[in-house]
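**Q** need a 3D model of the sequence below.
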Amino acid sequence: MNILFTICGRAGSKGFRNKNLKTLDDVPLLYHTLAAARLYMDKHKGNRYLVAMNTDSEELAALARGQGEIEDIHFIKRKANMAGDASAKVDVVRDTYLGIKERMAADVVIDLDITSPIRRVRDLESVMETYLSGEGYDLVCSVVEARRSPYFNMVERREGVYRKICQSGFTARQQSPAVYELNASIYAYRPAFLETGTDKPILDCRFGIAVMPDCLVLDIDSQEDHTMLEYLYPYYRRMDAELASIYEIACRMKG
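**A** Predicted structure coming up:
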């Protein structure tokens, strides 16, 4: 199988300035993501791999070039019309895929988000299992079980008052259907879907899910997120040998 890993990070960020250049436990966020890909590739050696980075940040590109554990990273220059706050991530992934298509005919495009750095090989394997399930999904998203339910304890303002998002007669959360929250960590796209293109949000397309542990919902979109993850990450690493292995690889990348 030909697997393309995409890593997309633009320069700057209005919400949390230069968040893609931040560190976690003194190691660049990028290296945590590359280390997870490295460990997956080492475990599944029968596949052919290509790692592609789409960025307009020279600092981020320099980090990728300087890590030494993944030798062949292909760089795609982020287009100006895809570098805004409202730019859809799927458009950037599509542009990356089309930019390397002649170099490798990918069977799956796996996008790893830099600011959702805590993931394990088993999570990547779970995404791939769903992708290969035969359901014909356009894409597979990593999720966690939601702590709030739109059927029970999530509300929105309608007609001047607040009401449950999904009207129901449930009196306990346990009665409501299972709901999930995207954690923005792993996306597996079908190349045919990327080639065809769509003007719909990806969650209006045919997609499957792979469930990750609740604690792995954490991503970094603010200083508060970053501070919380810095505090919790050493504990998660102590409790999970695979996270510890990924951290070791990321530390080698740092040198």
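**Q** make it CA atoms for all contacts and neighbour counts henceforth
**A** OK.
**Q** tell me the phi and psi of the residue most central in space within the chain?
**A** Geometric centre of the chain, nearest residue: residue 185, 2.6 Å, by C-alpha atoms, centre = their mean. Backbone torsions of residue 185, given as degrees, to the nearest 10, read phi -100, psi -50.
**Q** and residue 195, by the same measure?
**A** The phi/psi pair for residue 195 (degrees, to the nearest 10) reads phi -70, psi -40.
**Q** re the thing from before, quick check, the residue nearest to the centre of the chain in contact with residue 112.
**A** Yes - shown here, residue 185 and residue 112 form a contact pair, counting by C-alpha atoms under 8 Å, at 5.9 Å.
**Q** average pLDDT for the one helix or strand residue 192 maps to?
**A** Using DSSP states H and E, residue 192 falls within helix 191-196. Average pLDDT, helix 191-196: 93.
**Q** export only the CA atoms of it, formatted as PDB.
**A** Output in PDB follows, covering the C-alpha atoms of helix 191-196 (Å, rounded to 0.1, in the frame of the first residue of the first chain):
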ATOM      1  CA  PRO A 191      -7.500  10.000  -3.000                       C
ATOM      2  CA  ALA A 192     -10.500   9.700  -5.400                       C
ATOM      3  CA  PHE A 193     -12.400  12.000  -3.000                       C
ATOM      4  CA  LEU A 194      -9.600  14.500  -3.000                       C
ATOM      5  CA  GLU A 195      -9.400  14.500  -6.800                       C
ATOM      6  CA  THR A 196     -13.100  14.900  -7.200                       C
END
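**Q** packing partners of that helix?
**A** helix 89-100 (3 or more C-alpha pairs under 8 Å, 6 or more residues apart in numbering; DSSP states H and E).
**Q** and the helix it packs on, what does it pack onto?
**A** Other helices and strands packing on helix 89-100, by 3+ C-alpha pairs under 8 Å, 6+ apart, are strand 2-9, strand 48-55, strand 73-77, helix 191-196.
**Q** pull out the buried residues from the second one.
**A** By that I understand strand 48-55. Under the neighbour-count criterion of 16 or more other C-alpha atoms under 10 Å, strand 48-55 has 49-55 buried.
**Q** paired strands for it, with orientation please.
**A** Counting by DSSP bridges, the strands paired with strand 48-55 are strand 2-9 (parallel), strand 73-77 (parallel).
**Q** now mean pLDDT and distance to residue 92 too, for those strands, in a markdown table please.
**A** Formatted as a markdown table, the strands paired with strand 48-55 follow (pLDDT from 0 to 100; distance: least, C-alpha to C-alpha, whole Å):
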| stretch | mean pLDDT | distance to residue 92 |
| --- | --- | --- |
| strand 2-9 | 96 | 7 |
| strand 73-77 | 95 | 10 |
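**Q** packing partners of whichever helix or strand comes after the helix holding residue 192?
**A** Next along the chain after helix 191-196, taking DSSP H and E as the criterion, comes strand 207-211. Judged by 3+ C-alpha pairs under 8 Å, 6+ apart, strand 207-211 is in contact with helix 121-131, strand 139-145.
**Q** chain center to the shortest one, what's the gap?
**A** Taking the mean of its C-alpha atoms, strand 139-145 sits 9 Å from the chain's own mean (C-alpha atoms, centre = their mean, to the nearest Å).
**Q** again, but for stretch 45-60
**A** Remark: stretch 45-60 is offset 14 Å from the chain centroid, using C-alpha atoms, centre = their mean.
**Q** report the buried residues of the helix or strand containing residue 36.
**A** Taking DSSP H and E as the criterion, residue 36 maps to helix 29-43. For helix 29-43, a neighbour-count test (16+ other C-alpha under 10 Å) marks 29-41 as buried.
**Q** could you measure from the residue nearest to residue 148 when sequence neighbours are not counted over to residue 179?
**A** Nearest residue to residue 148 in three dimensions, chain neighbours excluded: residue 154, at 6.4 Å (C-alpha to C-alpha, 6 or more residues apart in numbering). Remark: distance between residue 154 and residue 179 (C-alpha to C-alpha, to the nearest Å) = 12 Å.
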